[in-house]
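J.: Have a look; sequence and predicted model below, questions after that.
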2 protein chains.
Amino acid sequence: MTSQIIEAAELLQPMFRKLQQRDELGDEEKRAIAEAADQRLVFAPGDDLVADGSRPEHSTLVTSGFTCRYKMLPNGSRQFTAIHLAGDFVDLHSFLLKEMDHSVGALSHCTVITFPHERLVTISQRFPHLTRMLWLSTLLDGAMHREWLVGMGRLSAAQRTAHLLCEIYLRLAAINLARDNQFNFPITQASLADAVGISTVHVNRVLQELRHGGYLAWDGGMLDLLDLDRLKAFAQFDETYLHLVQEPR
Amino acid sequence: MTSQIIEAAELLQPMFRKLQQRDELGDEEKRAIAEAADQRLVFAPGDDLVADGSRPEHSTLVTSGFTCRYKMLPNGSRQFTAIHLAGDFVDLHSFLLKEMDHSVGALSHCTVITFPHERLVTISQRFPHLTRMLWLSTLLDGAMHREWLVGMGRLSAAQRTAHLLCEIYLRLAAINLARDNQFNFPITQASLADAVGISTVHVNRVLQELRHGGYLAWDGGMLDLLDLDRLKAFAQFDETYLHLVQEPR
DNA sequence: CGCGCTCTTGACGAACATCAAGCTCCGTGG
DNA sequence: CCACGGAGCTTGATGTTCGTCAAGAGCGCG
């Protein structure tokens, strides 16, 4: 049992780093999370971690890999509403919303840890500050949703694509999973299309435009943002919405 | 002091109705909110309730009128990320995110009540269930953001417009501020354009299309959804994301 | 070896932006 | 009482962005 908790604590590092970028976490709070952990699960690309319409009894924390939050339309088209990384709780939503109004899928091989809702209720009763930090985690999701909305409404497809790559790089860097403006990004152009809200054909053209503009190189899985400052300027990227500031919350 | 609290409780009715659509609220919880209320303020159309980049010391609850959550781009274009009604907390976000990453503006004449963040911290320490309900309120915002994102990515301008009107009608009806498929909606076509992410010229054409299709009538401020079922079908509207179900949370 | 998945390219059309102008309505001041 | 101006709504002409359809190329995998 003890060794399981220690093992879980290891996997929880990305999440701790994510939260500690925003406020300090006490040892008691970390232990409370580690003790609330339940199962470790593994998913392959294309698998669903959480299905639309389901009523999960637990919430899921991604510990490695890339996942997407998405919604299917009756006509078969698909739209991502977020991309999630290691350290992200992908369905804290279901803890209070109860019924899922969208699905969460694996974009790459990924590992997760589940947390039974009843243990989250206990945390909300005993650890007010930790509760606020989990709440904060869902507020960060909201902030990213808003940024995506602005892009969808007022930026070009190329700008949105550039914006997304800037966002993912900064989020990965914040948990020490990327540096030197490059990171492993093993997703297909079709997935990128569903994230940005365009067709796969157009994604292809946008990527060529960004490559020829000297903004990035992307061979196989490895993505290299060759000129991050210029890419940010092109995408009108302002990282304020990521709230990467440590302060009392 | 007592009369102030009672007066506040009156203004809080839309918010109580909103939350009670999702779970029961105890009298103690309602009193805790009423006692945390601070100032009553009034805004005119075009005013900002909360400014991008500011660090509010209090959170704002709308008690009447229409407000929008929006972001300005360097090139002067604007995009709404939500429309808020009576009963909506428009910047619970700043309670934990601290710095605003967007603005909140008044679309009509509106009244609000402010809640100092320190009193919200106290609530989070003493009322775990009420805290979860406030958390839920921000999760509902997130759910609406996601629905808007799907529309922006995969629906036509006309469908998005129709979808927005369905959403607002159901939200108003849920707090007893609309019925018989009609409601007062005093916003300009330019604002609607910023909500839906298109140009004002195109909004005009879309509205004509919806009018000629027999979906709605809109003279002056009063909007009448003449055939709500058909409008919902056209917009692929599924109200699941509004989570209008009362259950323990 | 052959199948399926992903990426790529070209031709064409639809959805929407932009520009420009004229309209109505309404409040304001002379 | 009317002239004026501004805000919002409406319309037409034109251009751009992006979707759709179709086909082929590269590549890994069974």
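T.: Right, received. Where do you want to start? These figures come from a predicted structure and were not determined experimentally. Numbering: from 1, shown residues only, chains lettered A, B, ... in the order given.
J.: Please list the residues of chain A that sit near DNA strand D.
T.: Contacts of chain A with DNA strand D, taken as C-beta under 7 Å from any atom of the strand, map to A:156, A:157, A:158, A:197, A:198, A:199, A:201, A:202. C-beta coordinates here come from the backbone N, C-alpha and C atoms, glycine included.
J.: mind redoing it with 6 Å?
T.: Within chain A, the positions adjacent to DNA strand D are A:156, A:157, A:198, A:199, A:201, A:202 by C-beta under 6 Å from any atom of the strand.
J.: Report the buried members of those residues.
T.: The neighbour count (16 or more other C-beta atoms under 10 Å in any protein chain shown) marks A:157, A:198 as buried among those.
J.: which of the residues of chain A next to DNA strand D sit farthest apart?
T.: Largest separation among the residues of chain A next to DNA strand D by C-beta to C-beta: A:156 and A:201, giving 15.6 Å.
J.: Tell me the one of the residues of chain A next to DNA strand D nearest chain B?
T.: Chain B lies nearest to residue A:198 out of the residues of chain A next to DNA strand D, by C-beta to the nearest C-beta, at 8.0 Å.
J.: Per-residue pLDDT of the closest one, please?
T.: Confidence at residue A:198, expressed as pLDDT, is 98.
J.: and it, what does it touch?
T.: Counting by C-beta atoms under 8 Å, 6 or more residues apart in numbering or on different chains, residue A:198 touches A:157, A:206, B:153.
J.: Let me have those in TSV, extended by pLDDT.
T.: Listed next are the contacts of residue A:198 as TSV, based on pLDDT from 0 to 100:
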residue	pLDDT
A:157	98
A:206	98
B:153	98
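J.: ok, so of those, who is nearest DNA strand C?
T.: Closest approach to DNA strand C among the contacts of residue A:198 (C-beta to the nearest atom of the strand): residue A:206, at 9.8 Å.
J.: Report the residue ranges of every domain in chain A.
T.: Split into domains by automatic domain parsing, chain A comes to A:2-147, A:157-242.
J.: Can you check which of these gets nearest to residue B:223?
T.: Counting by C-beta to C-beta, residue B:223 lies closest to domain A:2-147 out of the domains of chain A; the figure is 25.5 Å.
J.: Does that closest one reach DNA strand C?
T.: No: judged by C-beta under 6 Å from any atom of the strand, domain A:2-147 and DNA strand C are separated, with a smallest distance of 7.7 Å.
J.: what's the neighbour count on the nearest residue to residue A:107 once chain neighbours are set aside?
T.: In space, and not counting its chain neighbours, residue A:107 is closest to residue A:66: 4.1 Å by C-beta to C-beta, 6 or more residues apart in numbering or on different chains. The number of residues packed around residue A:66, counting by other C-beta atoms under 10 Å in any protein chain shown, is 24.
J.: again, but for residue A:126
T.: By the criterion of other C-beta under 10 Å, residue A:126 has 12 neighbours.
J.: What are the neighbouring residues in contact with it?
T.: residue A:32.
J.: From DNA strand D, how far out is it?
T.: 48 Å (C-beta to the nearest atom of the strand, to the nearest Å).
J.: sorry, back to before: can you list the domains of chain A in JSON lines and add distance to residue B:229?
T.: Listed next are these as JSON lines, based on distance: least, C-beta to C-beta, whole Å:
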{"stretch": "domain A:2-147", "distance to residue B:229": "16"}
{"stretch": "domain A:157-242", "distance to residue B:229": "28"}
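J.: List the single closest residue to residue A:41 in space, sequence neighbours excluded.
T.: Residue A:41 sits nearest to residue A:112 (C-beta to C-beta, 6+ apart), 5.2 Å away.
J.: and the closest residue to residue A:166 other than its chain neighbours, how many neighbours?
T.: Among residues not flanking residue A:166 along the chain, residue A:237 sits closest, at 4.5 Å (C-beta to C-beta, 6+ apart). The tally of other residues near residue A:237 (other C-beta under 10 Å) stands at 21.
J.: helix or strand for residue A:237, which one?
T.: Assigned by DSSP states H and E, residue A:237 falls within no helix or strand.
J.: Low-confidence regions, chain A specifically.
T.: A:1-8 (pLDDT under 70).
J.: let's see it at 50
T.: A:1-2 (pLDDT under 50).
J.: could the contacts of residue A:198 go into JSON lines alongside secondary structure?
T.: JSON lines is the format used below for the contacts of residue A:198 (DSSP: H, G, I helix; E, B strand; the rest coil):
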{"residue": "A:157", "secondary structure": "helix"}
{"residue": "A:206", "secondary structure": "helix"}
{"residue": "B:153", "secondary structure": "helix"}
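J.: from what I can see residue A:97 touches residue B:141, true?
T.: No: Residue A:97 is not in contact with residue B:141 according to C-beta atoms under 8 Å; the separation is 11.5 Å.
J.: backbone phi and psi for residue A:189, please?
T.: phi -70, psi -30 (degrees, to the nearest 10).
J.: ok, then the element right after the strand or helix carrying residue A:150?
T.: Assigned by DSSP H and E, residue A:150 belongs to helix A:128-154. Next helix or strand after helix A:128-154 toward the C-terminus (DSSP H and E): helix A:157-174.
J.: touching DNA strand C at all, that following helix?
T.: No: Helix A:157-174 is not in contact with DNA strand C by C-beta under 6 Å from any atom of the strand; minimum separation 12.4 Å.
J.: Next: stretch A:194-210.
T.: Yes: applying C-beta under 6 Å from any atom of the strand, one finds stretch A:194-210 touching DNA strand C at A:200, A:201, A:204, A:207, A:208.
J.: and which of the residues you listed is nearest to DNA strand D?
T.: Among these, residue A:201 lies closest to DNA strand D (C-beta to the nearest atom of the strand), at 3.7 Å.
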